[in-house]
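# Sequence first, predicted model second:
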Amino acid sequence: MTLLDAPATFRGSPTDEDGEPWLAYIRVSTWKEEKISPELQRDAITQWARRTGRRIVGWIEDLDVSGRHFKRKIMQCIERVEAGEVRGVAVWRYSRFGRDRTGNAINLARLQQAGGELDSATEPVDASTAIGRFQRGMILEFAAFESDRAGEQWKETHDHRRYKLHLPAHGRRRFGYIWHRRYDPATGKIQKERYEPDPTTGPVIADLYRDYVAGFGFSLLCGKLNRAGHRTTQGSLWSTETLARYMDSGFAAGLLTVHNPECRCRKTDGACKNHIFIQGAHEELIDFHLWQAYLQRRKEVKATTPRSRTGIYELTSLCKCAGCRLGTSLNSASREGKNVPGFAYRCSKRAKSGALACDGILIQRTEVEAEVRKWLKREAAAGIDNAPAAEHAPERSLADERAANTAARARAQAEVEMQRQALARLRADRAANPDDYGPGEYEEAADLIRKKRAEAQALLDSIPEVDPIPERKEFVPLIVGTVEEWPTLDTRERNNLLRKLIRRVAIVRHGPGAESHEIHIHPVWEPDPWRDRKQPDATER
């Protein structure tokens with residue numbers, strides 16, 4: 001019997017040039033019970049290669065990576081098999097390949113379609129036979145089951161922390177707070193986990209929110225933080241992404257962000273953006289009014305094109321074409337032999353797509369700015385003339401209304417989710433212990449939970465999501481102050497103030513010629529006349 005006729009188990013160790021070329025894939029899981037060292041996996045795969053006469057031509061490692069998705073280096077292995085560079089992929093166990101049912105099936109089929117193989121160093125299976133493929137399928141299915149079971153346990157733990165303890169799902173340090181963990185290493189005792197405001201960094205966070213509302217961007221705020229010597233909880237420099245993510249979380253406002261329980265996306269990697277806020281147990285660093293002002297500016301910035309976020313001109317991001325209800329751009333012109341940048345507003349859609357897209361507008365910028373200044377003076381004069389008497393009814397606080405609505409919605413949403421989980425636990429307990437329930441006891445308990453959930457849902461539905469329209473008198477001091485300080489303000493400051501007063505400046509064209517235009521100013525305290533028509537976020541402010 002020759003060496004080729006001998007089974008792979010009885011072949012000797014291959015030389016550097018002998019044996020089929022294989023890739024070795026090593027993955028160290030994020031799950032603590034599956035944190036098998038890469039050295040142990042490498043040793044097992046090396047011994048497997050010697051036993052079977054295979055030759056490992058490359059080692060690909062994924063350290064501290066979950067197997068519940070395939071955004072991993074395992075895809076490089078599959079691509080190299082498809083390219084014909086190697087014969088197959090060797091893993092320590094089949095669970096290292098992946099723990100996602102759909103991903104396992106798709107990528108294993110892709111590997112086999114290319115003529116490749118997947119083999120385990122510690123789970124000998126002959127995948128060339130029907131029973132071998134069945135065994136491998138059962139092993140992969142069990143790996144997916146273990147992943148699902150662990151995921152359910154972590155979900156229960158996270159939900160308990162969020163909805164019962166009102167703590168973040170992951171206990172760790174938060175910038176601006178002092179974290180008192182459940183185990184106190186100083187005393188060796190168990191204590192109540194809590195977050196307390198840090199007297200040093202807490203005020204810094206509050207200043208960041210105020211500066212952002214005042215018009216400063218994340219890049220400027222990051223520079224300010226880093227120059228002052230502040231670092232993230234990981235000890236690294238602040239970046240725009242980390243700062244925006246932290247400020248958007250609402251933690252400094254006493255809130256927790258959670259995945260919307262009504263969302264059915266089934267994503268488990270945190271990629272879904274459908275989140276809601278619930279009340280946390282920690283003390284807030286900023287008041288709810290400042291938090292709402294921050295969210296409003298975030299909304300405005302998101303809906304504004306990057307070039308329009310910094311006010312180069314007085315009406316940056318405010319002028320819109322009434323024909324298509326989209327944005328405008330400024331073009332240059334030659335006057336007296338000189339190039340004049342930002343000379344006139346024109347319709348951006350017509351400029352990009354031609355006359356068939358929109359009739360367009362073309363109006364001199366200084367003419368529009370002059371009309372806005374006239375409007376400001378008229379509004380300031382009207383505000384002074386219509387000033388209320390000394391004795392008047394209590395003023396309506398728009399910020400208080402918005403804060404009360406948001407807090408009430410958060411409480412109602414948390415109650416709905418709590419009752420939903422209570423019903424799920426009741427069903428699970430009855431399925432596991434049916435003898436513990438007498439006749440009608442389960443139905444009575446389930447009906448009571450459903451009633452409470454319906455009441456919480458009705459309360460949630462009754463709370464308006466739309467922000468109340470502000471009243472004009474709330475803006476009178478700002479209008480009057482803007483008119484008085486106008487000569488001393490620079491262009492950026494003027495633009496920031498106008499954005500707080502004006503929803504948009506609509507340019508209406510009635511015919512050919514620059515003189516056939518009409519300027520309509522839509523203040524923020526009046527109902528939006530364009531609300532009936534959806535506008536793309538890329539051009540809306």
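Happy to help now that I have it.
# so how far does stretch 265-275 reach from one end to the other?
End-to-end distance for stretch 265-275: 12 Å, by CA to CA, to the nearest Å.
# Let me fix that, I meant to ask about stretch 62-77.
Note: stretch 62-77 ends 12 Å apart using CA to CA.
# Give me the average confidence score over it.
Taken as a whole, stretch 62-77 has a mean pLDDT of 75.
# What segments of the stretch 51-200 of the chain are strands?
Taking DSSP state E, counting those that start in this stretch to define them, one finds strands in the stretch 51-200 of the chain at 54-63, 88-91, 117-120, 177-180, 183-184, 189-190, 194-197.
# Which one of the ones you listed lies nearest to residue 72?
Of all those, strand 54-63 sits nearest to residue 72, with 5.0 Å by CB to CB. Yep, even glycine has a C-beta here, placed from its N, CA and C like the rest.
# on that earlier part again, which of the strands of the stretch 51-200 of the chain sits most buried?
strand 88-91 (a mean of 24; mean count of other CB atoms under 10 Å).
# Straight-line length of stretch 343-356, end to end?
End-to-end distance (CA to CA), stretch 343-356: 24 Å.
# what's that stretch in contact with?
319, 321, 323-324, 326-333, 335, 357-365, 368, 507, 514, 539 (CB atoms under 8 Å, 6 or more residues apart in numbering).
# and the longest helix along the chain, what other elements does it pack with?
Longest helix of the chain, by residue count under DSSP state H: helix 398-432. Here helix 398-432 touches strand 275-279, helix 288-302, helix 441-462, going by 3 or more CB pairs under 8 Å, 6 or more residues apart in numbering; DSSP states H and E.
# That helix versus strand 275-279: what angle between them?
Helix 398-432 runs at 100 degrees relative to strand 275-279, counting by axes from the mean of the first three to the mean of the last three CA atoms, to 10 degrees.
# mind checking how far helix 398-432 is from the chain centre?
Distance of helix 398-432 from its chain centroid, counting by CA atoms, centre = their mean, to the nearest Å, is 22 Å.
# orientation of it relative to helix 441-462 in degrees?
Interaxial angle, helix 398-432 versus helix 441-462 (the same axes, to 10 degrees): 160 degrees.
# Quick one: mean pLDDT for helix 398-432?
Per-residue scores along helix 398-432 average to 76.
# Next, the angle helix 288-302 makes with it.
Using the same axes, to 10 degrees: helix 398-432 against helix 288-302 is 90 degrees.
# returning to that earlier point: among the helices and strands packed on helix 398-432, which comes closest to residue 110?
Comparing the helices and strands packed on helix 398-432 by CB to CB, strand 275-279 comes nearest, at 33.6 Å.
# Parallel or antiparallel, list what pairs with the closest one.
strand 255-259 (antiparallel) (DSSP bridges).
# which residues in the chain form helices?
Using DSSP H, helices in the chain cover 38-52, 74-82, 101-113, 130-159, 202-213, 218-227, 240-248, 288-302, 348-353, 365-385, 398-432, 441-462, 476-485, 491-501.
# Distance check, residue 184 against residue 191.
Going from residue 184 to residue 191 by CB to CB, to the nearest Å gives 5 Å.
# for residue 436, that is, sorry about that
Plainly put, residue 436 is 35 Å away from residue 191 if you go by CB to CB.
# Can you check which of the strands of the stretch 51-200 of the chain gets nearest to residue 486?
So among the strands of the stretch 51-200 of the chain, strand 194-197 is nearest, using CB to CB, at 39.7 Å.
# Dump the closest one to CSV, restricted to CA.
Extracted C-alpha coordinates of strand 194-197, given in CSV (Å, rounded to 0.1, in the frame of the first residue of the first chain):
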residue,chain,number,x,y,z
ARG,A,194,-25.1,54.1,41.3
TYR,A,195,-23.8,57.0,39.3
GLU,A,196,-23.1,60.3,41.0
PRO,A,197,-22.1,63.6,39.3
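# pLDDT on that strand, on average?
Mean predicted confidence for strand 194-197 is 93.
# so what does that strand touch, helix or strand wise?
In terms of contacts (3+ CB pairs under 8 Å, 6+ apart), strand 194-197 is packed against strand 177-180.
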